[in-house]
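[1] Build me a structure from this.
(chains A and B)
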Number of protein chains: 2
Amino acid sequence: MEAYTPMSVEEFRRAAHETVDWMADFLGSIEQYPVRSQVEPGEIMAQLPDSAPSEAQPLEAIMEDFKQIVLPGVTHWQHPSFFAYFPANSSYPSVLAEMLTATLGAQGMIWQTSPAATEMEQQVMRWLRDMIGLPAEFEGVIQDTASTSTLVALISARERATAFQVNERGFVETERLTVYASSQTHSSIEKGVKIAGFGRQALRQIEVDHEYAMRPDALRRALEADRAAGLVPACVVATIGTTGSTAIDPLAEIAAICKEFGVWLHVDAALAGTAMVLPDLRRFQQGVEHVDSYTFNPHKWMFTNFDCSAYFVRDPATLTRTFEIHPEYLKTKEGTAVNNYRDWGVQLGRRFRALKLWFVIRSYGVSGLQRVIRDHLELAQWVRSEVEASPEFELLAPVPLNTVCLRYRPDPAAPLEEINRLNAEIMERINAGGKAYFTHTKLDGRFTIRFVIGQTYTARRHVEAGWRLLCETARAVKRELG
Amino acid sequence: MEAYTPMSVEEFRRAAHETVDWMADFLGSIEQYPVRSQVEPGEIMAQLPDSAPSEAQPLEAIMEDFKQIVLPGVTHWQHPSFFAYFPANSSYPSVLAEMLTATLGAQGMIWQTSPAATEMEQQVMRWLRDMIGLPAEFEGVIQDTASTSTLVALISARERATAFQVNERGFVETERLTVYASSQTHSSIEKGVKIAGFGRQALRQIEVDHEYAMRPDALRRALEADRAAGLVPACVVATIGTTGSTAIDPLAEIAAICKEFGVWLHVDAALAGTAMVLPDLRRFQQGVEHVDSYTFNPHKWMFTNFDCSAYFVRDPATLTRTFEIHPEYLKTKEGTAVNNYRDWGVQLGRRFRALKLWFVIRSYGVSGLQRVIRDHLELAQWVRSEVEASPEFELLAPVPLNTVCLRYRPDPAAPLEEINRLNAEIMERINAGGKAYFTHTKLDGRFTIRFVIGQTYTARRHVEAGWRLLCETARAVKRELG
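    Numbers count the residues shown, from 1 in each chain, chains lettered A, B, ... in the order given. Prediction:
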């Protein structure tokens, strides 16, 4: 007598083969789908029953609903004309690894719960560290997202600044701690500052220069002022490749200041870290040998399924002292002779995430990754040159990486609000058409269309078509509006 | 000209079919593998190269290494004789859904990034809410783990207790906040208390009764004492099914006290929540209509791949006010007319996790889930009766759910340390043999072997064999030791 399961293993085999054919068909024809889902709010929900079925339903019915109901509601992040946000890439070898990970269903919270998950993570993090030119003394751990990596850095900094007294006694008896990041920094910094109990007011938004990079002189002034006021600067977050415009904070200068003030320096290179596989790009992280922690997301630009955020630290002992717990039911005979990654972050439970990285890095090889990143960088430069050559379009930020910040401004005399509305309309028109997907930011109040080139399957023809679509749509909208 | 990828989509199709065959073969023969990995520390690492390959490697080589190097290092959480920890279950429909999720690679951080991910999550959380008898006004969100769910509850409680002032100004100007949980509570509570800045000393470990359940009178005394001392009680965490022995805190009494003191009440039912699909089990959560938040993990006992922790709240507005951020690059025309789950927790990025729940619930049907859970509960009662009938074994805690806490004590006069060593040796001997996997806790200083029955594929024969193995190994170890 076996346990009740809704299908036998042989029925699973057949269903999984059918699923694979759907997956390959889908990925082979993904360009036929609209990039951004075209549904209206509530449209999917209205097709889902209000309550769970009492009786088992056949897989065929579920797959049919998946195709008919779910798929139209999916925004296709794996579409080669996905130029929005930053990418969240998959790739063929990554999907294969995810299939195995889901099948094994192993836990990597401590060594014994799956030694291979722990030891492969340790080794693959060293591969990554060396691949992007981080100092050899750094050790790495996989977090889920850069939000979590940042939070982990902030809490580590908090504990180092207070000799681990917040962990022990809370904030009440400590001096007031402060955190510094540029005004262009990712929203997860403010969120982390709140979660970790610093309070939003403890976050100093440091002024940026005309290229949207942190001004070291402004950082120094803020640190001096806070210290003079009796506050305790705990952490500086420098960004290599901001989310708005991929601005590059000047790391070497910031690191020197942090050293002088004894402040933890965390680097958020969530997107840009991947580009450091190209040695000549490492000019953007000069000074990295002086930082305390560094994070980048292979799930963004390194073709490895979400979630996979690589977090590196100079001093793992501070990290584990910050997060360790030792309940009886997690004690094993191996003790501290091995890494127990539950003590390297927030969550106890952990998927076997190293496997997909191992599949991806080995399948592409470092040279293959370099090749794709170089292609994306060149395509971004091509878009930049097109924008610069156009009398109607305008570049709004430098293009050090894969993101072109632009707007349509056919009439330089038009007021800002009018130009903003025009560009918002152009973007929405394109997204509603489904042929490409762009998102925006605001730079100095200017509505900025971001053209991000970093999707796994993006080739020159997609970028060229995206640029043509921008030009054509812009002119069409202008004609209509006026 | 296409983008460089290490394989074509047709090569992916072939490789994925081969992977599926390996997956089905593996799951069909999983009983032939040792449950706990038998490798020594460092054994896997030694077989992995020190640096990433420069050139692309063929998939065949990677898969071969997966089988030869990785697999021996995996502890098999999907083995039907996995009786350790709490389960982290997969199931056939869940794996199929994970394949689709990995292929779509969609983000569910805001509605527009994948409307189906958001709307299905909203609806499936309602299914789950109703399936386990939570109040109809609760809304749910999927977190990654119970650690994160607990952290989210603690931070929400912190903000409600301070009128959102810790988020704004930090802890410095507030009164000292306190948190309450039983001494048997999960380690993630202490970890969350530290992360959120309360400090470990703010956590009151409330005394338990002889069944390891929180004593409401002790809770009341602690609350009164803290309030008299000018402290501000912020949160009580009640556990339905503790990790050690599945003890059940008396929720109705605790809820009444929390109401009286105006304290946030969070329920950690990480394992036990699934059992609430059986209406007669809901006696264990009487009073649940008065709680503020509630979490349980479908990735434990509901056959849904990790990670998937269901977090329910009475008042979503408090939750979103605690976690919301509004950067320009995440603003969309839908605004607040839809759920944007980035504001319902810590992380910004989110996988499409609702899909696997939808596959599992529909494939099993509620009645199928009930059937498997009932089987597990009956098997646990069978083990309990065997332990009680044995003159050599001893039951160390009640068995309200699926976990039997036991030890071998052939000589009632033997000193505690000797009995503890004996049981540790028995457990290690079994685990080293690979036929079954048990882990331990300590209850009142007594080394306790936990026999947890909850794996997807566990049937009566596995439980019977596990019990026989315990008896035989115990006697063999006793003979050897003298």
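[2] Do a quick rundown of the helices in chain A.
    All helices of chain A, identified by DSSP state H, fall at A:9-28, A:59-65, A:92-104, A:115-131, A:146-161, A:165-169, A:187-195, A:216-228, A:251-261, A:298-301, A:316-323, A:354-389, A:416-433, A:460-481.
[3] ok, the fourth one near chain B or not?
    By that I understand helix A:115-131. Yes - residues of helix A:115-131 contacting chain B under C-beta under 8 Å from any C-beta of the partner chain: A:115-117, A:119-120, A:122-124, A:126-128, A:130-131. Using the backbone N, CA and C atoms, a C-beta is placed for each residue, glycine as well.
[4] Out of those residues, who's the most crowded?
    The member of the residues of helix A:115-131 next to chain B that has the most neighbours, counting by other C-beta atoms under 10 Å in any protein chain shown, is residue A:117 with 31 neighbours.
[5] That one and residue A:352 touch, don't they?
    Yes - applying C-beta atoms under 8 Å as the test, residue A:117 and residue A:352 come out as touching, 4.2 Å apart.
[6] can you list the residues of the stretch 201-350 of chain A near chain B?
    Applying C-beta under 8 Å from any C-beta, we find that the stretch 201-350 of chain A lies next to chain B at A:201-202, A:243-244, A:299, A:305-307, A:323, A:325-330, A:333-334, A:337-338, A:346-349.
[7] Kindly recompute the last result at 6 Å.
    Applying C-beta under 6 Å from any C-beta of the partner chain, we find that the stretch 201-350 of chain A lies next to chain B at A:201-202, A:243, A:305-306, A:325, A:327-329, A:334, A:337-338, A:347-349.
[8] Flag the least confident of those.
    Looking at these by pLDDT, the weakest one is residue A:329, with 69.
[9] what's the closest non-adjacent residue to residue A:351?
    Closest residue in space to residue A:351, ignoring its immediate chain neighbours: residue B:306 at 5.8 Å, by C-beta to C-beta, 6 or more residues apart in numbering or on different chains.
[10] Residue A:302 too?
    residue A:274 is the one closest to residue A:302 (C-beta to C-beta, 6+ apart), at 4.6 Å.
[11] ok, residue A:358 - how many residues close by?
    Other residues within reach of residue A:358, judged by other C-beta under 10 Å, total 24.
[12] Hmm, it is touching residue A:122, no?
    No - with contact defined as C-beta atoms under 6 Å, residue A:358 does not count as touching residue A:122 (11.8 Å).
[13] gap between the two ends of stretch A:310-324?
    End-to-end distance of stretch A:310-324: 19 Å, with C-alpha to C-alpha, to the nearest Å as the criterion.
[14] and that stretch, how far from the chain's centre?
    20 Å (C-alpha atoms, centre = their mean, to the nearest Å).
[15] For that stretch, which outside residues touch it?
    Contacts to stretch A:310-324, defined as C-beta atoms under 6 Å, 6 or more residues apart in numbering or on different chains, come from residues A:128-129, A:134, A:138-141, A:143, A:149, A:155-156, A:159-160, A:292-296, A:298, A:343-344.
[16] just the buried members of those residues?
    A:128-129, A:134, A:138-141, A:143, A:149, A:155-156, A:159-160, A:292-296, A:298, A:343-344 (16 or more other C-beta atoms under 10 Å in any protein chain shown).
[17] ok so, going back, give the residues shared as contacts by residue A:117 and residue A:352.
    By C-beta under 6 Å, 6+ apart, residue A:117 and residue A:352 have these common neighbours: A:106, A:108.
[18] Who are the contact partners of the closest residue to residue A:342 other than its chain neighbours?
    For residue A:342, ignoring the flanking residues on the chain, the nearest one in space by C-beta to C-beta, 6+ apart is residue A:109 at 4.4 Å. Counting by C-beta under 6 Å, 6+ apart, residue A:109 touches A:342, A:348, A:349, A:350.
[19] Any buried residues in stretch A:300-317, and which?
    Buried residues in stretch A:300-317 (16+ other C-beta under 10 Å): A:300-314, A:316.
[20] residues in contact with residue A:226?
    Counting by C-beta under 6 Å, 6+ apart, residue A:226 makes contact with A:178, A:233.
[21] Residue A:246 against residue A:403, yeah?
    Yes - between residue A:246 and residue A:403 there is a contact at 4.5 Å, judged by C-beta under 6 Å.
[22] Show me what the mean pLDDT comes to for stretch A:151-167.
    96.
[23] Actually, stretch A:398-412.
    The model assigns stretch A:398-412 a mean pLDDT of 97.
[24] quick revisit: now, the buried residues of stretch A:300-317 that are in strands?
    In strands, judged by DSSP state E, the following of the buried residues of stretch A:300-317 are found: A:309, A:310, A:311, A:312, A:313.
[25] And these, which is closest to residue B:286?
    Ranked by distance to residue B:286 (C-beta to C-beta), those are led by residue A:309 at 41.1 Å.
[26] Isn't the closest one up against residue A:147?
    No - the criterion here is C-beta under 6 Å, and residue A:309 misses it with residue A:147 at 8.4 Å.
[27] okay, now residue A:236: neighbour count?
    Number of residues near residue A:236 (other C-beta under 10 Å) recorded here: 30.
[28] quick one: contacts for it?
    By C-beta under 6 Å, 6+ apart, the residues touching residue A:236 are A:180, A:258, A:263, A:265.
[29] What is the nearest of those to chain B?
    residue A:180 (15.0 Å; C-beta to the nearest C-beta).
[30] my guess is residue A:84 meets residue A:440, correct?
    No - look at residue A:84 against residue A:440 with C-beta under 6 Å: they stay out of range, at 9.1 Å.
[31] okay, now the domains of chain A?
    As given by automatic domain parsing, the domain ranges for chain A are A:106-351, A:361-481.
[32] Tell me which of the ones you listed is the most buried.
    domain A:106-351 (a mean of 22; mean count of other C-beta atoms under 10 Å in any protein chain shown).
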